[in-house]
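Novice: structure for this input, please:
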Amino acid sequence: METKDDITQLLKACRQNNPKAQRLVYQRYAKAMYNTARRIVGDADDAQDVMQEAFIKAFDKLHTYKATATFGAWLKRIVINESLTWLRKQKDFECIDDNLSHIESETEIEILDDKLKVEQLLEAIDQLKINYKLAINLYFLEGYDYEEMMQILNLSYANVRTLVSRAKQKLKYILETNYIEVIKS
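Specialist: Predicted coordinates:
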């Protein structure tokens, strides 16, 4: 079982550019970070590239890591930021209008029928516009709250709430259209 001291020692060795320690850290976190990148960028090869770039940045900036959060959380933020940078470079990322002023009422998506499979939900998420897909991933799958999403997406609180609300609405519509009677308002 890994202890906090284990990772602290590994990170200390990584700061000294120890390739063995870097390889161990990479092996320990690569799968989770790949999954995060994959959910955001979509393509497996692109996610692999994004994840590797994020590790390079993390090792380069390791001196800035303060143990106020877990190393995994710190690394995940780098992966998310790198994924967002990749999306922006692809020009697929649709910016949210900073003048959004209203916040739509929030309706949590409730799945009533066990027949809705995880694959179907993921297919529905994949049908969303990239900014909605990103919001669903960050909010529901990654567990970020609105304030954390504000920092990640560089949006106002109102814009983040609106983005998540609209993403949920669109996802609900897709699920209702494709998988009738599995969603309840």
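Novice: let me see the contact set for the most centrally placed residue in the chain.
Specialist: Ranked by distance to the mean C-alpha position of the chain (CA atoms, centre = their mean), the top residue is Leu138 at 4.3 Å. Taking CB atoms under 8 Å, 6 or more residues apart in numbering as the criterion, Leu138 is in contact with 80, 144, 148-149, 152-153. For glycine as for every other residue, the C-beta is placed from the backbone atoms N, C-alpha and C.
Novice: can you put those residues in TSV and add neighbour count, secondary structure and distance to Ile40?
Specialist: Listed next are the contacts of Leu138 as TSV, based on neighbours: other CB atoms under 10 Å; DSSP: H, G, I helix; E, B strand; the rest coil; distance: CB to CB, whole Å:
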residue	neighbour count	secondary structure	distance to Ile40
Ile80	26	helix	7
Tyr144	22	coil	12
Glu148	17	helix	15
Met149	23	helix	13
Ile152	18	helix	10
Leu153	21	helix	11
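Novice: from the residues you listed, which is closest to Asp49?
Specialist: Distance to Asp49, by CB to CB, is smallest for Ile80 among the contacts of Leu138, at 15.0 Å.
Novice: can you pull the contacts of the closest one?
Specialist: Here Ile80 is in contact with 36, 40, 138, 142, 152 (CB under 8 Å, 6+ apart).
Novice: mind checking which helix or strand of the protein has the lowest mean pLDDT?
Specialist: Least confident helix or strand of the chain, by mean pLDDT, DSSP states H and E, is strand 110-111 with a mean of 39.
Novice: buried stuff in the helix or strand that that strand is followed by?
Specialist: Next in sequence after strand 110-111, counting helices and strands by DSSP states H and E, comes helix 118-126. Using 16 or more other CB atoms under 10 Å as the test for burial, helix 118-126 gives 121, 124-125.
Novice: got the buried residues for the following helix or strand past helix 118-126?
Specialist: With elements assigned by DSSP H and E, the helix or strand that comes after helix 118-126 is helix 130-136. Residues of helix 130-136 classed as buried by neighbour count (16+ other CB under 10 Å): 131-136.
Novice: what's the mean pLDDT across helix 130-136?
Specialist: Helix 130-136 shows a mean pLDDT of 87.
Novice: and it, what does it pack against?
Specialist: helix 71-90, helix 118-126, helix 157-178 (3 or more CB pairs under 8 Å, 6 or more residues apart in numbering; DSSP states H and E).
Novice: centre of the chain to it, how far?
Specialist: 9 Å (CA atoms, centre = their mean, to the nearest Å).
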